[in-house]
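In: no sequence for this one, just the structure:
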Ligand code: AMP
Ligand code: ZN
């Protein structure tokens, strides 16, 4: 698509909407932090994946050759993001009395099944963290050799004091950034600096850590952060164009990814960082640790099409915190159903020519919205602009189909389905019209024409007794079954 304006995207590194550029013209290496597969994804996690999916699809629509890579965290993510607490995978395995690998397989499959229901495309490369142990060891070895990492108490730590600037996303005080540290979790005394983080664990609090590998520093397992650096560098190379994740990933996870990647590579790594703000429930933060949480399956059990949830997410900007309630979802459903109804009412004449002038105008509205920091709610408004435009229905349907390649809310499939359902219902009604009833309707039409209203009323009452109401419309007589 030849879009005559640059894409502007908010960049967490510069705190401004920057013109999106890539290292190699026309190509985009995109990395997304994947799920920790110890439980089902909640619909908050999926908000991040929906918005990242729209961004990827828009970049493709715009003309970029995108290579999207995602990890699957199946080792190393501890209960606290600050390298303390229990390994989340082990916690999941204990909860369900299964092995860690069984848990990882089950919840990886469940994640992609949810994604499919939400029209989230599977990334070009999906790499489980446990696949790349030799790569982590190679990276960590180099970080030790170049003085960026040290061994203490059996673990390998990244030395954040070696960096000119560690807190790359903001200039907050260190104490303010202690996210995810609970009171019952002790500060790791091996660390030289408070912000240092683990690259490789050998001395874990957990004797029963299920997955362990041999390494130059002893049998152990990688820290959470190293996986995303190594997976991205392996599949995308030394320069990453775009890194995405939920806002909670900015610190410490992404901050640590940058620290270790740039120290390893010896140059800057990724210049564009996109963070999706959280979806909260009405009680506050959405969390998996307190048992019951909102999943795609739960929405389905309550009768919602998962695509309505996708539509609900698109109605808000990704950089605004979004509060979920069933009332808000119902409103989105109403709006979605109305939109689909309007599309189903389009009467396409295949013989019509596509209206190039109208297409240019309408595409401009869609692109202006998407290029303005991925303003998906304005892009949805552009769909209504298409429906209201003074042009033929063939052009309207063509454009809606085109924009839906980015938005992925089943505009054409759902409206075709609705049309087929209406046609089927009408056919069923028509099939109930016996020759006798048809003759009576015909006779009533004639009687009315001849101004024999007494006979016309008689027939109307006769049909009413058979459960049929006749409604006179400008298009003719409509038969309504009572
Ligand atoms: P996790 O499975 O915890 O590693 O998280 C997977 C993705 O979901 C990460 O990109 C998180 O930043 C993101 N995420 C976590 N909680 C939320 C939330 N409430 N709303 C939106 N995204 C979230
Ligand atoms: Zn990551």
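Out: Okay, I see it. No experiment lies behind these values; they were computed from the predicted model shown. Ligands and ions are numbered 1, 2, ... in the order given.
In: interface residues of the stretch 251-400 of the chain facing ligand 1?
Out: 276, 278, 279, 286 (C-beta under 6 Å from any ligand atom). (C-beta placed from N, C-alpha, C; glycine too.)
In: what's near enough to touch whichever residue of the stretch 151-300 of the chain sits closest to ligand 1?
Out: At 2.1 Å from ligand 1, residue 246 is the closest residue in the stretch 151-300 of the chain, using C-beta to the nearest ligand atom. By C-beta atoms under 8 Å, 6 or more residues apart in numbering, residue 246 lies in contact with 33, 44, 45, 48, 275, 276, 277, 278.
In: hey, what's it bridged with?
Out: Taking DSSP bridges as the rule, residue 246 bridges to residue 276.
In: ramachandran angles for the closest residue to residue 142 other than its chain neighbours?
Out: Leaving aside its sequence neighbours, residue 142 sits nearest to residue 264 (C-beta to C-beta, 6 or more residues apart in numbering; 5.8 Å). Here is the backbone geometry of residue 264 (degrees, to the nearest 10): phi -70, psi -50.
In: how many residues are close by residue 264?
Out: Neighbour count of residue 264, defined by other C-beta atoms under 10 Å: 21.
In: ok, now how distant is it from ligand 2?
Out: 15 Å (C-beta to the ion, to the nearest Å).
In: residue 398 now?
Out: Applying C-beta to the ion to residue 398 and ligand 2 gives a distance of 39 Å.
In: got it, and residue 191?
Out: 21 Å.
In: who's in contact with stretch 97-115?
Out: 35, 37-41, 46, 49, 72, 74-75, 89-90, 92-93, 96, 121-122, 128, 130, 210-211, 295-297, 306.
In: just those: which are in strands?
Out: 72, 128 (DSSP state E).
In: now the contacts of stretch 97-115: which count as buried?
Out: 35, 37-41, 46, 49, 72, 74-75, 89-90, 92-93, 128, 130, 210-211, 295-296, 306 (16 or more other C-beta atoms under 10 Å).
In: picking that back up, now do the same contact list for the residue nearest to residue 142.
Out: 139, 142, 143, 148, 229, 233.
In: again, only this time at 10 Å
Out: 138-140, 142-143, 146, 148-149, 226, 229-230, 233, 238 (C-beta atoms under 10 Å, 6 or more residues apart in numbering).
In: which among these end up buried?
Out: For the contacts of residue 264, buried by 16+ other C-beta under 10 Å: 139, 140, 143, 148, 149, 226, 229, 230, 233.
In: roughly how far apart are the residue of the stretch 251-400 of the chain found nearest ligand 2 and residue 243?
Out: Nearest to ligand 2 in the stretch 251-400 of the chain, going by C-beta to the ion, is residue 253, at a distance of 5.4 Å. Look at residue 253 and residue 243: by C-beta to C-beta, to the nearest Å, they are 11 Å apart.
In: okay, the two: which has more neighbours?
Out: residue 243 (27 against 21).
In: does any part of the helix or strand harbouring the more buried one sit near ligand 2?
Out: Counting by DSSP states H and E, the element that carries residue 243 is strand 242-246. No. Strand 242-246 does not reach ligand 2 (C-beta under 5 Å from the ion); its nearest approach is 6.1 Å.
In: just how off-centre is that strand within its chain?
Out: Here the centre of strand 242-246 is set off from its chain's centre by 12 Å, with C-alpha atoms, centre = their mean, to the nearest Å.
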